[in-house]
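Participant: can you look at this prediction? I've put the sequence above it.
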Amino acid sequence: MKRLGKVSHYAKQGFLILRSDWVPALNSPVVDKGLTLVGTVKDVFGPVKRPYVAVKPRVRDPESYVGALLYVDSSRKSKPGKSKSGKAGRSGGKRSKGGKARRPAPRKRG
C-alpha cells in the first residue's frame, strides 16, 4: 500500500481530484486508511513532478472524502477475472463454440 495523496476537491464531472508525488498506474484500486475501496485511478494529468490524479469513486458519498488521505493498494486486483495472461496460452486457428469468428478479408473485383 502506497500513499497516493490528499483529496483536494470533488469535481462536478464525478471525480475525486488529488495531488500526488508519484504517477500511479491507471485502473489501480484506491483505498482509504481503513482499507475501504474508494475507487479507481482514471486519469493522471498536470506536471510530471507533482501530478494530479482523478479517481472515479465507488462510494455513496464521495464528497465526504475531501481532505482525506488516499492510498493505492497494490495487493488488490482492479478487475477480478480479467487478466492479460489468459490469451497467451491460446493456439491460433478457429475459435470454439460461442466465440466470435473473424470475417474473411474482402475479395478484389475485376
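Facilitator: Perfect, thanks for sending it.

Participant: where does the prediction get shaky in the protein?
Facilitator: Scanning the chain with the threshold set as pLDDT under 70 gives 78-99.

Participant: which residue is nearest the middle of it?
Facilitator: Taking Cα atoms, centre = their mean, the centroid of the chain lies closest to N27, which sits 1.1 Å from it.

Participant: wait, isn't that one in contact with V41?
Facilitator: Yes. Between N27 and V41 there is a contact under Cβ atoms under 8 Å: 6.4 Å. For every residue, glycine as well, the C-beta is placed using N, CA and C.

Participant: quick one: contacts for D73?
Facilitator: D73 makes contacts with 1, 28-31, 35, 37, as judged by Cβ atoms under 8 Å, 6 or more residues apart in numbering.

Participant: which SS class is the residue nearest to Y65 when sequence neighbours are not counted?
Facilitator: Sequence neighbours aside, V7 is the residue nearest to Y65 in space, at 5.2 Å (criterion: Cβ to Cβ, 6 or more residues apart in numbering). With DSSP: H, G, I helix; E, B strand; the rest coil as the basis, the three-state label of V7 is strand.

Participant: ok, now which ones touch V7?
Facilitator: Taking Cβ under 8 Å, 6+ apart, we find V7 in contact with 16-18, 55, 65-68, 70.

Participant: go again with 6 Å.
Facilitator: V7 sits next to 16, 18, 65-66, 68 when contact means Cβ atoms under 6 Å, 6 or more residues apart in numbering.

Participant: tell me the buried residues within the residues you listed.
Facilitator: Buried subset of the contacts of V7 (neighbour count, 16 or more other Cβ atoms under 10 Å): 16, 18, 65.
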